[in-house]
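Chemist: missing the sequence, but the structure's below:
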C-alpha cells in the first residue's frame, strides 16, 4: 500500500516520499542524492514518520514530493524563501489546512493567509 513518509534528520526540515514502508522511504530518499539529504544526520540517524492524512494515491512509489506540491497536499506545514502563489512575494509560505482551495490546503504567505481567513469569516 502506498503511503507518504516524512524523513528528517532530527530537526523540522526534511522531505516527504511515497513508499510502501518506512524502510523503503528512507532508502529512496538517501539514494536520490545529496540534494535530498537532510542537513543533520547520516543515514542511520534519519527519522521517518508516516503521514497518515496525506493522500498519495495518484503518485508513484519513489516520488519525492517537491515543496509547493507538498504544501498543497499537507506534507509540509511551511517553507522558507518561496514565492507566494498569490501575491508573488518571496516569503515563508504556509499551508493552512483550515482553509481550502479546490479541496486542497490553502497555501500562501502569512499576509495572504490572513486576508483569506478574514474574507471567509465575512462570508
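Modeler: Noted; the coordinates are in hand. On a predicted model such as this, the values are computed, not experimentally measured, just so you know. Numbering: from 1, shown residues only.
Chemist: Which other helices and strands does the helix ranked longest in the chain contact?
Modeler: In the chain, with assignment by DSSP state H, the single longest helix is helix 110-122. Here helix 110-122 touches strand 90-101, strand 104-109, going by 3 or more Cβ pairs under 8 Å, 6 or more residues apart in numbering; DSSP states H and E. For the C-beta atoms, the positions are set from N, CA and C on the backbone; glycine is no exception.
Chemist: Dump these to a markdown table, plus distance to residue 34.
Modeler: Listed next are the helices and strands packed on helix 110-122 as a markdown table, based on distance: least, Cβ to Cβ, whole Å:
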| stretch | distance to residue 34 |
| --- | --- |
| strand 90-101 | 24 |
| strand 104-109 | 27 |
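Chemist: I'd like to know which of these is closest to residue 75.
Modeler: strand 90-101 (8.3 Å; Cβ to Cβ).
Chemist: residues making contact with that closest one?
Modeler: The contact list for strand 90-101 (Cβ atoms under 8 Å, 6 or more residues apart in numbering) reads 68, 71-72, 74, 76-85, 105-111, 113, 116-117, 120.
Chemist: now with 7 Å?
Modeler: 71, 74, 76-84, 105-110, 113, 116-117, 120 (Cβ atoms under 7 Å, 6 or more residues apart in numbering).
Chemist: Could you turn the buried ones of these into a ChimeraX selection?
Modeler: Here is the ChimeraX command that picks out the buried ones among the contacts of strand 90-101, judged by 16 or more other Cβ atoms under 10 Å:
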select :71,74,76,79,82,84,105,106,107,108,109,113,116
